[in-house]
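Undergrad: Have a look at this prediction, sequence included:
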Amino acid sequence: MKKLFVALVACMFAAPSFAQFSSGGFSLDEEHMYWGVRLGLNFAGIGGDIEADKGRTGMTLGGVVGLRVSDSAPVFLESGLYYTERGGKNLKYNNLPLADKGHLNYIEVPALIKYGISTENNIAILPFIGPTFAMGISGSYKYLKHPEMGIKIGCGVEWNNLYAEMAYQIGVTNIADGDKISGAKDLSSHGHALAINIGVNF
């Protein structure tokens, strides 16, 4: 994993400038398409009937593709495929301990709408919002359901081919598995995470 991290960071700083999508150069007369890689951290937690007493810091790694969807405004649709680590530690129900950890490792697909705001010095600001769809592939989630849908809102900044973003993600589907707890019914819990990612666009 350390070698992969070093390789990605090296790519971010060694990649040439790209012509199809350049920050500060959004054209209202041309269509644009871009793709890129993302690497970052999640500061995640779980709240509700089943809650995590402590948060979890996990990794995010993925690839994205974006397409301009408006001829009259710099509006983009971005999707991709991510591996992302979320969940929490010290799961509790009614203040009683359930498990030391509730780790959820997902494969996630977002569908984000981004709006490009050009600024001086070849910098672009890209606020975004959209749904995310995730399926758990590993982890420790005895008391949790691992399919999850959420809403992600945040803002990215691009300079030449380098990109960084911060986002907040809240789960909208119930991930509490009350069937695993004797006498528990109709439980409700939701995941949440603050994400910080860096990357490069081509």
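TA: All right, it came through fine. Here the structure is a predicted model, which means the values were calculated and not measured. Numbering: from 1, shown residues only.

Undergrad: residue ranges for the helices of this structure, please.
TA: Remark: helices assigned in the chain by DSSP state H are 2-14.

Undergrad: quick one: the strands in it?
TA: 33-48, 50-68, 75-93, 96-115, 117-118, 123-140, 147-159, 162-171, 189-201 (DSSP state E).

Undergrad: next one: the shortest one to chain centre, how far?
TA: What that stands for is strand 117-118. Relative to its parent chain, strand 117-118 has a centroid offset of 22 Å by C-alpha atoms, centre = their mean, to the nearest Å.

Undergrad: just checking, what packs against that strand?
TA: For strand 117-118, the elements it packs on are strand 123-140, judged by 3 or more C-beta pairs under 8 Å, 6 or more residues apart in numbering; DSSP states H and E. Every residue, glycine included, has its C-beta placed from N, CA and C.

Undergrad: ok, back up a step: among the strands of the chain, which gets the worst mean confidence?
TA: Mean pLDDT is lowest for strand 117-118 among the strands of the chain, at a mean of 86.

Undergrad: how about JSON lines for the strands of the chain, with mean neighbour count and distance to residue 178 added?
TA: Putting these into JSON lines (neighbours: other C-beta atoms under 10 Å; distance: least, C-beta to C-beta, whole Å) gives the following:
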{"stretch": "strand 33-48", "mean neighbour count": "20", "distance to residue 178": "11"}
{"stretch": "strand 50-68", "mean neighbour count": "18", "distance to residue 178": "8"}
{"stretch": "strand 75-93", "mean neighbour count": "20", "distance to residue 178": "9"}
{"stretch": "strand 96-115", "mean neighbour count": "18", "distance to residue 178": "11"}
{"stretch": "strand 117-118", "mean neighbour count": "14", "distance to residue 178": "45"}
{"stretch": "strand 123-140", "mean neighbour count": "17", "distance to residue 178": "17"}
{"stretch": "strand 147-159", "mean neighbour count": "17", "distance to residue 178": "16"}
{"stretch": "strand 162-171", "mean neighbour count": "18", "distance to residue 178": "16"}
{"stretch": "strand 189-201", "mean neighbour count": "21", "distance to residue 178": "9"}
